[in-house]
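Asks: Return atomic coordinates for the entry below.
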Amino acid sequence: MKKKFVLIFLASVLMSGFLPAQNENELSISQLENEVHRLVNAHRKSIGLGELAPNSYIRKEAYQHSLNMAEGKVPFSHKGFEERFERLSGFLDITSGAENVANGYNSAQDIVDGWLLSPGHKKNIEGDFNLTGIGIAQAPNGTYFYTQIFVKSQERPKIVASDFESELLGLINEHRKGLGLSALKSNDVVKAEAVNYSGQMAAGRAPIGPPGYDNPMKALLSKMNAVAMTEIIAYNYYTAKEVFNSWMASTRQRETIEGSFDLTGIGVVQSADGKVFVTQIFLLSR
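Replies: Residues are numbered from 1 along each chain as shown. This next block holds a predicted model:
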């Protein structure tokens, strides 16, 4: 499904003039990016606005656009803006966005001062955003290209896999206990296979859903000398409680959770775009 967002403003400015020669004391690209970020936030703070949090995914998109301009792959412009935001919408719930670009100076202060003198750039810097990413690249002739992307979004939360897995197993065993069933014991070998399969889904190497009969996970049945084996999958939930509730709302998955099993392994993996994949394997040992 294609995400929708509100385009606030696009602004570009050519910072022409003297381009200082590079020297050993010159700021590195990462230092320049950090300084632009600091100066933009200092301005926002001075007028009572919240600071913009840095986001590595947004920075990646900003840097790639600056690099494309520096290498002459795209003109000095906002070409590809909608595509950048479409990619970002894979892990951010974007409600609005904007972009500033500039080229010429290798001075963060000069760039930010120039943006603040331009109504369009200033509007973006002072806009209702909470995330940002700044990418800077240098062309072979020494010219610097700057891109700053502004986003208003609620970032997908980062999960701690071990805590997620432990909490989910606790919820399941608490439910089983309430029914008079024995607790499931986590097994390291089974867990490793669950983590591996969740990783395959997160990387796009396996379709989202139960594994096929030819998946290596199926070898667990003989490897563990088990009587029975099955698995359940969850996708794009951000808490163990949400996963548990979704499984309990499904007749088949609830029956699995309440089944005659004694061993289990839970694998939780978060993909690069922030989505969470959960695999739980159930085994009945001999």
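Asks: so residue 186 bridges to which residues?
Replies: residue 264 (DSSP bridges).
Asks: swap in residue 284?
Replies: Beta bridges link residue 284 to residue 228, judged by DSSP bridges.
Asks: I figured it hits residue 256, correct?
Replies: No: in this structure residue 284 lies outside contact range of residue 256 using C-beta atoms under 8 Å: 11.5 Å. Bear in mind the C-beta positions are built from the backbone N, C-alpha and C, glycine included.
Asks: Now do the helices in the stretch 1-150 of the chain.
Replies: When assigned using DSSP state H, counting those that start in this stretch, the helices of the stretch 1-150 of the chain occupy the ranges 29-46, 56-70, 81-88, 108-117, 119-125.
Asks: Most tightly packed of the ones you listed?
Replies: helix 56-70 (a mean of 21; mean count of other C-beta atoms under 10 Å).
Asks: OK, contacts around the residue of the chain most remote from its centre?
Replies: Here the centre of the chain is the reference, and by C-alpha atoms, centre = their mean the most remote residue is residue 286, at 42.0 Å. When contacts are counted by C-beta atoms under 8 Å, 6 or more residues apart in numbering, residue 286 touches 225-227.
Asks: Select from the residues you listed the one having the most neighbours.
Replies: Using other C-beta atoms under 10 Å as the neighbour test, these are led by residue 226, with 18 neighbours.
Asks: List phi and psi for it.
Replies: With angles defined as degrees, to the nearest 10, residue 226 sits at phi -90, psi 160.
Asks: the bottom helix or strand of this protein by mean pLDDT?
Replies: One helix or strand of the chain scores below all others by mean pLDDT, DSSP states H and E: strand 6-14, with a mean of 47.
Asks: Going by distance to residue 215, which of the contacts of residue 286 wins?
Replies: The closest of the contacts of residue 286 to residue 215 turns out to be residue 226 (C-beta to C-beta; 16.0 Å).
Asks: Export the helices of the stretch 1-150 of the chain to TSV and append columns for distance to residue 173 and mean pLDDT.
Replies: Shown next, in TSV, are those (distance: least, C-beta to C-beta, whole Å; pLDDT from 0 to 100):
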stretch	distance to residue 173	mean pLDDT
helix 29-46	46	95
helix 56-70	36	93
helix 81-88	39	89
helix 108-117	54	92
helix 119-125	51	93
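Asks: Reformat those as a markdown table; add distance to residue 144.
Replies: Below are these laid out as a markdown table (distance: least, C-beta to C-beta, whole Å):
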| stretch | distance to residue 144 |
| --- | --- |
| helix 29-46 | 8 |
| helix 56-70 | 8 |
| helix 81-88 | 20 |
| helix 108-117 | 8 |
| helix 119-125 | 16 |
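Asks: Can you check which of these gets nearest to residue 135?
Replies: helix 56-70 (2.8 Å).
Asks: Show residues contacting that closest one.
Replies: 33, 74-77, 80, 84, 87-88, 91-92, 101, 103, 131-139, 143-149, 151, 273.
Asks: which residue ranges form the helices in the stretch 151-286 of the chain?
Replies: Counting by DSSP H, counting those that start in this stretch, the helices of the stretch 151-286 of the chain are 161-178, 188-202, 220-223, 240-248, 251-257.
Asks: Mind checking those for the one nearest to residue 118?
Replies: Residue 118 lies closest, by C-beta to C-beta, to one member of the helices of the stretch 151-286 of the chain: helix 188-202, at 41.7 Å.
Asks: buried stuff in the closest one?
Replies: Neighbour counts using 16 or more other C-beta atoms under 10 Å place 190-191, 193-202 of helix 188-202 among the buried residues.
Asks: From the chain's centroid, how far away is that helix?
Replies: Distance of helix 188-202 from the chain centroid (C-alpha atoms, centre = their mean, to the nearest Å) equals 20 Å.
Asks: Quick one: residues contacting residue 272.
Replies: The contact partners of residue 272, by C-beta under 8 Å, 6+ apart, come to residue 202.
Asks: okay, and for the protein, where does confidence drop off?
Replies: 1-27, 91, 155, 213 (pLDDT under 70).
Asks: Excluding residues flanking it in the chain, which one is nearest residue 181?
Replies: In space, residue 181 comes closest to residue 258 once its chain neighbours are excluded; the distance is 6.6 Å by C-beta to C-beta, 6 or more residues apart in numbering.
Asks: likewise residue 196?
Replies: Spatial nearest neighbour of residue 196, excluding adjacent residues (C-beta to C-beta, 6+ apart): residue 267 at 6.9 Å.
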